[in-house]
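Asks: My questions are about this predicted structure, shown below with the sequence.
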Amino acid sequence: MNTRLIRLREQRARLIERAAHQREEIALGVAAMHGPIAIVDQGLDIARYIKSHPVIIAAGAALVIATRPRHSLSWVRRGLMLWQTWRWLATRY
């Protein structure tokens, strides 16, 4: 048999073994990140739900104003500042 062909087959076998080892390492890394990724995913789901139901935001704001009217003004200022910052960042990037 051709020695070049034998070397190519051996190299292919080594590469296949190396790829299998790398897949195992990646699988372990992804498994370790499953918990944090799931938490972030839940947070994004909640944010999307609230975004699609603005009545929830209005009800929450009304509740805050009704229970603590003094503190609500400072929260309104903070919210406005965060919203303006978000819009500024959204236009830049």
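Replies: Thanks, I have the structure now. Keep in mind it's a predicted model, so treat the numbers as computed, not measured. Numbering: from 1, shown residues only.
Asks: domains for this protein, by residue range?
Replies: 1-32, 37-93 (automatic domain parsing).
Asks: Mind putting the ones you listed into a markdown table with mean neighbour count and mean pLDDT?
Replies: C-beta here means a position set from N, CA and C on the backbone, and glycine is covered the same way. Listed next are the domains of the chain as a markdown table, based on neighbours: other C-beta atoms under 10 Å; pLDDT from 0 to 100:
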| stretch | mean neighbour count | mean pLDDT |
| --- | --- | --- |
| domain 1-32 | 9 | 93 |
| domain 37-93 | 10 | 82 |
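Asks: Would you map the helices across this structure?
Replies: 3-32, 34-52, 54-67, 69-92 (DSSP state H).
Asks: Distance check, T67 against G60.
Replies: 11 Å (C-beta to C-beta, to the nearest Å).
Asks: can you check P54 too?
Replies: 11 Å.
Asks: Kindly report the same for Q84.
Replies: Q84 is 20 Å from G60, by C-beta to C-beta.
Asks: Check A20 too.
Replies: A20 is 52 Å from G60, by C-beta to C-beta.
Asks: Over to R68?
Replies: Taken as C-beta to C-beta, the span from R68 to G60 is 13 Å.
Asks: same question, R18
Replies: From R18 across to G60, the span is 54 Å (C-beta to C-beta).
Asks: before we move on, what about E25?
Replies: Taking C-beta to C-beta, one finds E25 at 45 Å from G60.
Asks: This completes my enquiry, with thanks.
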